[in-house]
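Asker: 3D, please:
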Amino acid sequence: MPKIIGKSLHEHRQMTRHKLFTALSTLMQERGFDTITLADIAAAAGVGRTAVYNHFPDKEALLLGFITHETEQYAHTLERALEGVDDPVEQLRTYIRQQAQLARVFHLAPGPDLRTVLSRPTLQRLREHAEIVESILRRILRSGIAAGEFPEQDIDPTVQLVNACLSGRLIPEEPAARERAIRAAEAFVLRAVGAQFVAA
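Answerer: Now for the predicted structure:
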């Protein structure tokens, strides 16, 4: 019987999943998802290959589990950052800054775009998880329109355009260049949604 890590079977499962997610994240920074095997992930996580199958039936399911976990964690972080921010323009600034700080490995991974290597059902599930974050932006935009801070607009395409702008950016690591890039993103998005942009 495999050795149990943690104080209970539940904790063991959670810790093993965390190790698998960390291994996948690390590997995806080095090479494309299409070249990574479950054996690679198991070896990087320090678990037996059969342990992977106890949690995920295949590589796509593991990726989906990882992205689901990351999205839920990010949504909680974003909601905490928005607590106590009442002004819709400042809420949007907060959203932009949080997005800029987010290191989503599945956007930055080398190799082919994930959309070209994943099955249609997995892509659909990923789209559903993206809705978690999109719903927060949608709420901010509706609040801004209701408050007269943003003009009336078709919210769904606006959400897609804002997130495409933010997720496509490679924010520099050097602090001054990073701040400059984030401020540029703020100014661009605020202008795009029709906010009266005031430099912070």
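
Asker: helix or strand right after the lengthiest helix in the chain?
Answerer: Determined from DSSP state H, the single longest helix within the chain is helix 120-146. Once the chain leaves helix 120-146, the next helix or strand it forms, by DSSP states H and E, is helix 155-167.

Asker: next SSE after the helix or strand hosting residue 23?
Answerer: In this structure, residue 23 sits in helix 9-30 according to DSSP H and E. Going down the chain from helix 9-30, the next helix or strand is helix 38-45, by DSSP H and E.

Asker: and that next one, which residues are buried?
Answerer: 38, 40, 41, 42, 44, 45 (16 or more other CB atoms under 10 Å). Yep, even glycine has a C-beta here, placed from its N, CA and C like the rest.

Asker: next one: stretch 126-135
Answerer: Neighbour counts over stretch 126-135 (16+ other CB under 10 Å) mark 126, 129, 133, 134 as buried.

Asker: tell me how this protein divides into domains.
Answerer: Per the TED database, the domain ranges recorded for the chain read 8-57, 58-193.

Asker: and these as JSON lines, adding mean pLDDT?
Answerer: Listed next are those as JSON lines, based on pLDDT from 0 to 100:
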{"stretch": "domain 8-57", "mean pLDDT": "89"}
{"stretch": "domain 58-193", "mean pLDDT": "86"}
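
Asker: how much space separates the closest residue to residue 98 other than its chain neighbours from residue 47?
Answerer: Among residues not flanking residue 98 along the chain, residue 78 sits closest, at 5.1 Å (CB to CB, 6 or more residues apart in numbering). Between residue 78 and residue 47 the computed distance is 31 Å (CB to CB, to the nearest Å).

Asker: ok, residue 17 next?
Answerer: Distance, residue 17 to residue 47, using CB to CB: 10 Å.

Asker: the buried residues of helix 38-45 into a markdown table, with extra columns for distance to residue 139?
Answerer: Output for the buried residues of helix 38-45, formatted as a markdown table (distance: CB to CB, whole Å):
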| residue | distance to residue 139 |
| --- | --- |
| 38 | 38 |
| 40 | 40 |
| 41 | 36 |
| 42 | 40 |
| 44 | 38 |
| 45 | 37 |
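
Asker: what pLDDT does residue 198 get?
Answerer: pLDDT, residue 198: 60.

Asker: who does the helix or strand residue 71 falls within touch, helix- and strand-wise?
Answerer: Using DSSP H and E, the element containing residue 71 is helix 59-82. If you count contacts as 3 or more CB pairs under 8 Å, 6 or more residues apart in numbering; DSSP states H and E, helix 59-82 packs onto helix 9-30, helix 38-45, helix 88-101, helix 105-108, helix 120-146.

Asker: count of neighbours near residue 33?
Answerer: For residue 33, the neighbour count with other CB atoms under 10 Å is 21.

Asker: I'd say it and residue 114 touch.
Answerer: Yes: contact criterion CB atoms under 8 Å: residue 33 and residue 114 qualify, at 6.0 Å.

Asker: buried sites along the helix holding residue 71?
Answerer: The neighbour-count check on helix 59-82 (16+ other CB under 10 Å) flags 59-60, 62-68, 70-71, 74, 78, 82 as buried.
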